[in-house]
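Participant: Would you be able to build a 3D model of this:
(2 chains)
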There are 2 protein chains.
Amino acid sequence: VETLDVALRPWPRPQCRIRVGSGALESLVAEFAVSHADRRLALVTDANVLPLHAARLAELLAPVVRHVEVIAIPAGEASKTRESKAAIEDRLLAAAIGRRDLLLAVGGGMVGDLAGFVAATWHRGIEWVQVPTTLLAMVDASLGGKTAVNLAEAKNLVGCFHHPTAVFADVETLRTLPEREYLAGFAEVVKAAAIADREFFEQLEVDGEGLVRREATLLERTIVRSMRIKLDIVEQDAQELGRRAALNFGHTVAHAVELQPRRAQSSPSRWNHGEAVAFGMSVEGALAHSVHGFPADELRRLQALLRRFGLPTVAPRELDPLDIVAAARTDKKNRGGRIHFALPLRIGAMPAGDDVTLPLDEALLLQALQRAAGVD
Amino acid sequence: VETLDVALRPWPRPQCRIRVGSGALESLVAEFAVSHADRRLALVTDANVLPLHAARLAELLAPVVRHVEVIAIPAGEASKTRESKAAIEDRLLAAAIGRRDLLLAVGGGMVGDLAGFVAATWHRGIEWVQVPTTLLAMVDASLGGKTAVNLAEAKNLVGCFHHPTAVFADVETLRTLPEREYLAGFAEVVKAAAIADREFFEQLEVDGEGLVRREATLLERTIVRSMRIKLDIVEQDAQELGRRAALNFGHTVAHAVELQPRRAQSSPSRWNHGEAVAFGMSVEGALAHSVHGFPADELRRLQALLRRFGLPTVAPRELDPLDIVAAARTDKKNRGGRIHFALPLRIGAMPAGDDVTLPLDEALLLQALQRAAGVD
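Facilitator: Model prediction:
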């Protein structure tokens, strides 16, 4: 048996240009007119975003590129499937979108994850550009290159890492967001501050009211700062091997909550992702307090800031702590039968070292959950 | 509008260990016993290869790894679809194949392309190992990291670049190949020699008879040499931007032939890929002769060597040169309305420079095809 050991050439370093602010969509059109005039464009969006922003963007782009094919899928997480991906691919084929053409994703996290995955595998990967139209997508989903669809049994099980070459985040698009969906985005903003930037956290305590009122200047500054934190962490660990786990603060509990059947959750309806993350940070903050002395007054400040954005920090009566623990047992970060958490030492500081996750016994999580339920 | 320019970290340099020879499958089992004892394994194969090789391999692996899930799909190119991919994914989910587990593809090019694409997107990419069981898969499809499925209208339109971490090519598996499928593999062997290694070409002229008789030592040496040529070229150009196009010698015409409806092709049945490539090299060799002086005696040697492996160098009467030209017009390498070819200067030498493809007028191709048809 003869052996050849081959060290293959790595892909070129991906580049991503991010534009944030009022008027970012106009910048997109101006830049496409210069750089993409000879390319065909597939604009993927959902039925909600189409009339609000995507149709207008398509109109502006039509005269400046070779062709704009608008592909709108039904809104909602239920569209994030292999079947939707195949339907979009059939449209790309019919519209003759080739390997040198471009995909533009306009919408929230669902649209970005799905359209990004389509781009990742069309002709084995074509260029794509993302226009996030929710706060959550701007500060979180649009960064890091993760794309995926769900299977019925599990979220994001099939996907790729495929970075967009540009992200255009126009804060004007946030004006059309329903209040609850808008505020949900602040869970990831607060998380970014809590794991990496104490000064930013204090600024959020000052700016809270203006941000709730959607003041454009404050929003722009806040989005850019949140993005920088996520980008720094992703840059350190592109393939999620160690330090990137810091971004999971609040998410072990959040995912466990999201796995609960709908009836177990309080009115007016199931928590959205941001709300689940807010509650998760509140519980995991309490864990951080008991296992490595996260200061009690900082935990209160964290919870107060989340409430300022209308986000939940205590569990509704219907949510059984034992069910949450059972669900957390299935978390994909777990190893060796222990539940893994990413817990800050204090506001703005994660543990040092390559692996920031901490394996804990279920009993500790149960305790923290019971305390969170009792405070209501 | 604020701008952040982000240079993202490249993926780590992928490594691939290739083992070639009689007994490579035993090496695989021994290595898995050491390195993968605690991992779950999905063994993907097709219904033809299952009884010949895959079932036995699964039996040998079962005692040395944590679990072996055997997934056999129907044999044939018709299985290379998005639907087959989804069916395999459903099996991976049911078998609890996680992000740290392993996929093993056992079969020809179809199995490798499909199973590799499954591995590329399962949990956003898991490790996979390839066991090619056809000569064509050993010397060509298993190298270069290309994975894909077909859409009804076009081959390999949806896929990823995702290198296996190891390839185990056991020449013993070639003993069970039907004669015509075995010989087809030599089209890519001859191509490798013709574009990059004159001495290897001369060795093939000497070894032809023994190779047709499937002599193990000759086969092993020939496979390793072919692999090195492809790996060198892929290493220079992992993402197929320029020099990798050298591998397309013979393939512009081959793809055009493969696009012809079945009735237009001669008995006993449609040409397989290797046969189409052999005919393609014969025609494109004639083109190379007319556009940049590829020597006439070397063209005769190329055609003689192909015929030695039972491969066609002239067109059957049913194949209309005008139909081939029309199909070549749709080739994805084309730009600016001209058909692009990768043509050697002489045996073993491609043109210098970053782009080895040459745009030619249709009339030249038509002429070469008419000459090829006339020789029969």
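
Participant: Please, where are all the helices along chain A?
Facilitator: With DSSP state H, the ranges of helices along chain A come out as A:24-35, A:49, A:55-61, A:82-94, A:109-121, A:135-136, A:179-196, A:198-212, A:216-236, A:251-258, A:273-292, A:296-308, A:321-328, A:362-374.

Participant: Show me what counts as buried in stretch A:77-88.
Facilitator: A:79-82, A:84-86, A:88 (16 or more other Cβ atoms under 10 Å in any protein chain shown). Any C-beta I mention is one placed from the backbone N, CA and C, and that applies to glycine too.

Participant: Which elements pack onto the helix or strand of chain A with the lowest mean pLDDT?
Facilitator: When each helix and strand of chain A is scored by mean pLDDT, DSSP states H and E, strand A:2-7 comes last, with a mean of 74. Counting by 3 or more Cβ pairs under 8 Å, 6 or more residues apart in numbering or on different chains; DSSP states H and E, the packing neighbours recorded for strand A:2-7 are strand B:15-20, helix B:216-236.

Participant: Flag the shaky bits of the stretch 101-250 of chain A, pLDDT-wise.
Facilitator: A:237-241 (pLDDT under 70).

Participant: For residue B:19, state which of the buried residues of stretch A:77-88 is nearest.
Facilitator: residue A:82 (34.3 Å; Cβ to Cβ).

Participant: so what's that closest one up against?
Facilitator: Going by Cβ atoms under 8 Å, 6 or more residues apart in numbering or on different chains, residue A:82 touches A:149, A:151, A:158, B:82, B:86, B:89.

Participant: Quick check: it vs residue B:47, distance?
Facilitator: In this view, residue A:82 and residue B:47 are 24 Å apart by Cβ to Cβ, to the nearest Å.

Participant: And residue A:176, by the same measure?
Facilitator: From residue A:176 over to residue B:47 (counting by Cβ to Cβ), the distance is 53 Å.

Participant: quick revisit: redo the contacts of residue A:82 as a markdown table? Include distance to residue B:214.
Facilitator: As requested, the contacts of residue A:82 are exported to a markdown table (distance: Cβ to Cβ, whole Å):
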| residue | distance to residue B:214 |
| --- | --- |
| A:149 | 44 |
| A:151 | 44 |
| A:158 | 40 |
| B:82 | 36 |
| B:86 | 37 |
| B:89 | 37 |
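
Participant: picking up where we left off before, want to try CSV for the helices and strands packed on strand A:2-7, with mean neighbour count and distance to chain A as columns?
Facilitator: Converted to CSV, the helices and strands packed on strand A:2-7 look like this (neighbours: other Cβ atoms under 10 Å in any protein chain shown; distance: least, Cβ to the nearest Cβ, whole Å):
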stretch, mean neighbour count, distance to chain A
strand B:15-20, 19, 4
helix B:216-236, 19, 5
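
Participant: Quick check: neighbours of the least confident helix or strand of chain A in the sheet, parallel or antiparallel?
Facilitator: Paired strands of strand A:2-7, with direction, are strand B:15-20 (antiparallel) (DSSP bridges).

Participant: What are the contacting residues of the partner strand?
Facilitator: A:1-8, B:27-28, B:138, B:143, B:163-169, B:171, B:220, B:223-224, B:227.

Participant: the inter-axis angle of it versus helix B:216-236?
Facilitator: Using axes from the mean of the first three to the mean of the last three Cα atoms, to 10 degrees, the inter-axis angle of strand B:15-20 relative to helix B:216-236 is 160 degrees.

Participant: I'd like the average pLDDT over strand B:15-20.
Facilitator: Strand B:15-20 comes out with an average pLDDT of 90.

Participant: any idea of the angle that strand forms with helix B:24-35?
Facilitator: If you take the same axes, to 10 degrees, strand B:15-20 sits at 140 degrees to helix B:24-35.

Participant: circling back to that earlier point, ok, and for the least confident helix or strand of chain A, which residues are buried?
Facilitator: Applying 16+ other Cβ under 10 Å to strand A:2-7 flags residue A:6 as buried.

Participant: residues making contact with it?
Facilitator: B:13-21, B:220, B:224, B:227-228, B:231, B:235.

Participant: residues contacting the residue minimising distance to the centre of chain A?
Facilitator: The residue lying closest to the centre of chain A (Cα atoms, centre = their mean) is residue A:141, at 2.9 Å. Shown in contact with residue A:141 (Cβ under 8 Å, 6+ apart): A:108-109, A:112-113, A:132.
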